[in-house]
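1. sequence first, then the predicted structure:
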Number of protein chains: 2
Amino acid sequence: MSSQAPHPTLLIPGPIEFDDAVLQSMAHYAESHVAPGFVKTFGETLSMVRKLFQSSNPAAQPFVISGSGTLGWDIVASNLIEKGENALVLHTGYFADSFATCLETYGAKATQLKAPIGERPSFEQIEQALKEKPYKIITITHVDTSTGVLSDIKRVAEVVRRVSPETLVVVDGVCSVGCEEIAFDEWDIDVVLTASQKAIGCPPGLSILMLSGRALNTFQTRQTPPSSYYASIANWLPIMQNYENFKPSYFATPPTQLVHALHTTLSQITARPMSERYAIHAQASDRVKAAVAELGLQQVASNPENQAHAMTAIWLPEGLAPPDVLPGLLKRGVIFAAGLHKQVATKYIRFGHMGVSVTDPNRSDVDKAIAALKEALAEAKQAKGL
Amino acid sequence: MSSQAPHPTLLIPGPIEFDDAVLQSMAHYAESHVAPGFVKTFGETLSMVRKLFQSSNPAAQPFVISGSGTLGWDIVASNLIEKGENALVLHTGYFADSFATCLETYGAKATQLKAPIGERPSFEQIEQALKEKPYKIITITHVDTSTGVLSDIKRVAEVVRRVSPETLVVVDGVCSVGCEEIAFDEWDIDVVLTASQKAIGCPPGLSILMLSGRALNTFQTRQTPPSSYYASIANWLPIMQNYENFKPSYFATPPTQLVHALHTTLSQITARPMSERYAIHAQASDRVKAAVAELGLQQVASNPENQAHAMTAIWLPEGLAPPDVLPGLLKRGVIFAAGLHKQVATKYIRFGHMGVSVTDPNRSDVDKAIAALKEALAEAKQAKGL
């Protein structure tokens, strides 16, 4: 039995349902951010972030910073690329547009390689683009939360290393870390930026990043100083290194309660092999995708290769919009999200199936959601005379 | 009785002890950031931020953003001043140096007006400086957490309006909001930036700001776009306006649990007149300052006019350093902070007396701390043969 007050099950692509122990950690009593107890908690948390990324290379560096996932874009844009340098932005939905805007805010030149909605740029297109001009970074949205499109970051990284080996491979993993496979060292990724509130299973408020030695070297050999202060790696790097070595350090007050919650969820996650966690999410995803097909519905992501394993963006039947279906789901105790991709937002809904909702064997959130979706759709169609 | 696990009483100048109800709000079950329940909570929270600043001018605008207090500097530096423009930074400790560095990161020219340690620039010096060149902004650390020096922001604002009326008056209120008097409208302040974990009494992780109509107008008439993305007022202003009007809105996922905790503490704070809260802090401060004098000790802040009401920075007796005294305090269940001002950090300690530790009549934190300080000092002197 959960100790949480009764509430509808939150099955959007983040924030997600949280484990009781994680929420209890949010209520941790006040601690000094530089006292031994918290220093130990924060240091252990950073070490567990390495495990989350299956990384053992000491040259790589985890960061945990107070902020939303969006802050990760500023950290990339103000530290790893300089004014006038080129960024290749692979576009699979809403979030690439925003990342490109962030890069341009700090003076980079962002070239977007756009795929039609529900698809992703081909490896041939990426290779071609990389040959056209020197790119300091390439950005890939691992899973675009607006479309549920999954990118193959392993193969993109291979293409980059072959064609433009110095280009930094930057992964927006906000909707993928903790549910989609990431082998940071083995795949030779340079940056993964993410947030706490999706498959990591911690309440929102933490910007989490992993940087490779190559990325840190790019930062350290900048011609100009970082163009942000709060997002400056120069300010945060010594702090993270000190805490991981159990030394207190101060740049800005860390969000002590959120760090405790992250410690709790990462302790749970890293107690089992990451491969097992990926497999559980894939199995749940298969069940959801099969149920969607059975209902005669299509996904926004166009084919199985492109489809995320922890969320499903579902086209509604012609004549129905999210406000026709979401209240029926809520009535049945389930919350899905409306569409987010501006061009088509009124035509689809999003179902998040990640974290405890799929990993906790005592929860039947996915089955409940599938049943609710079936009923709510039938009810909506009937109401519209469809 | 508190429902929190037994722990030493945290009496540093932030984070502070938290009320049970506030910590319980941190453990709130998962909610969608765009669902009606959370939208109402966030909207009400923003309205209560206005009350916290005793502001009723609809042209002013509160902001609550995921991040530490430091983020507030970036918001000022990247939105309210442009490259090459002048900022006058009044220096009363560590935090002015950092704010100046932040301003310069975004291209402003920061001129620091420095006072000796424990003092503040005189009104004559400020007037003189303002006459020397056109300043876009003046920044004042209301209470510098490193020294406990209190600035008179009301009188500084008066000087600015008389001598350089277009200059924006920017107050760093991280260690003052919720304990030192601030009449935002009446004193004609343009910006107060603060954080959640000090006298506001909410765990760390929220950057909180109040901007005047004049500040917003300065932003809206910029010649160049904002020089940050995550800290851009252009991105956050519509979000805050929408939530306060109970409309969901998305730029970055808000830290839902922290917003609940802020709602809880602001409900408690704004249930009583702010004047009463200031008076309670002043009374507790008088008791602390009297006890410090009785122990034959001096404060870093040089005279009563300069001394903060929610923290006291105390010079240690010659021959003692923080590591000689802090363990003795901890043994007695009390945590103070070491010095922070780089030039003199080893010579003083800091005692934070704010929030529930002084407002909750069921707590005797301040008396306990005074007794512990007396004993720990005697013990340390004896150990050193002083």
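-> Thanks, I have it.
2. stretch A:340-349: end-to-end distance?
-> End-to-end distance for stretch A:340-349: 9 Å, by C-alpha to C-alpha, to the nearest Å.
3. now swap in stretch A:294-313 and tell me
-> 15 Å.
4. could I get the average pLDDT for that stretch?
-> The pLDDT scores in stretch A:294-313 average 97.
5. who does the one helix or strand A:Gly328 maps to touch, helix- and strand-wise?
-> Under the criterion of DSSP states H and E, A:Gly328 resides in helix A:322-331. Counting by 3 or more C-beta pairs under 8 Å, 6 or more residues apart in numbering or on different chains; DSSP states H and E, the packing neighbours recorded for helix A:322-331 are strand A:337-338, strand A:348-352, helix A:365-384. All C-beta atoms are positioned from the backbone trio N, CA, C, and that covers glycine.
6. briefly note if the last one comes near chain B.
-> No: in terms of C-beta under 8 Å from any C-beta of the partner chain, no part of helix A:365-384 sits within range of chain B; the closest distance is 11.3 Å.
7. nearest spatial neighbour of the residue of the stretch 251-386 of chain A found nearest chain B, chain-adjacent residues omitted?
-> Going by C-beta to the nearest C-beta, chain B is nearest to A:Pro255 of the stretch 251-386 of chain A, at 3.3 Å. For A:Pro255, ignoring the flanking residues on the chain, the nearest one in space by C-beta to C-beta, 6 or more residues apart in numbering or on different chains is B:Gly205 at 3.3 Å.
8. can you count the residues close to that neighbour?
-> Number of residues near B:Gly205 (other C-beta atoms under 10 Å in any protein chain shown) recorded here: 31.
9. for the stretch 1-150 of chain A, which segments count as helices?
-> A:20-26, A:36-52, A:71-79, A:94-105, A:123-132 (DSSP state H, counting those that start in this stretch).
10. list the contacts of A:Tyr94.
-> If you count contacts by C-beta atoms under 8 Å, 6 or more residues apart in numbering or on different chains, A:Tyr94 has them with A:Asp144, A:Thr145, A:Ser146, A:Thr147, A:Leu340, A:His341, A:Lys342.
11. which of the residues you listed count as buried?
-> Applying 16 or more other C-beta atoms under 10 Å in any protein chain shown to these, the neighbour count classes A:Asp144, A:Thr145, A:Ser146, A:Thr147, A:Leu340, A:His341 as buried.
12. so which of the helices and strands packed on helix A:322-331 comes closest to B:Gln54?
-> Proximity to B:Gln54 (C-beta to C-beta) singles out strand A:337-338 among the helices and strands packed on helix A:322-331, at 38.4 Å.
13. quick check: can you name the pairing partners of the closest one and their directions?
-> If you go by DSSP bridges, strand A:337-338 pairs up with strand A:348-352 (antiparallel).
14. list the contacts for A:Trp236?
-> A:Phe63, A:Ile65, A:Phe251.
15. among the residues you listed, name the ones in strands.
-> Counted as lying in strands by DSSP state E, out of those, are A:Phe63, A:Ile65.
16. now, of the contacts of A:Trp236, which are buried?
-> Those of the contacts of A:Trp236 that meet the buried threshold are A:Phe63, A:Ile65, A:Phe251, by 16+ other C-beta under 10 Å.
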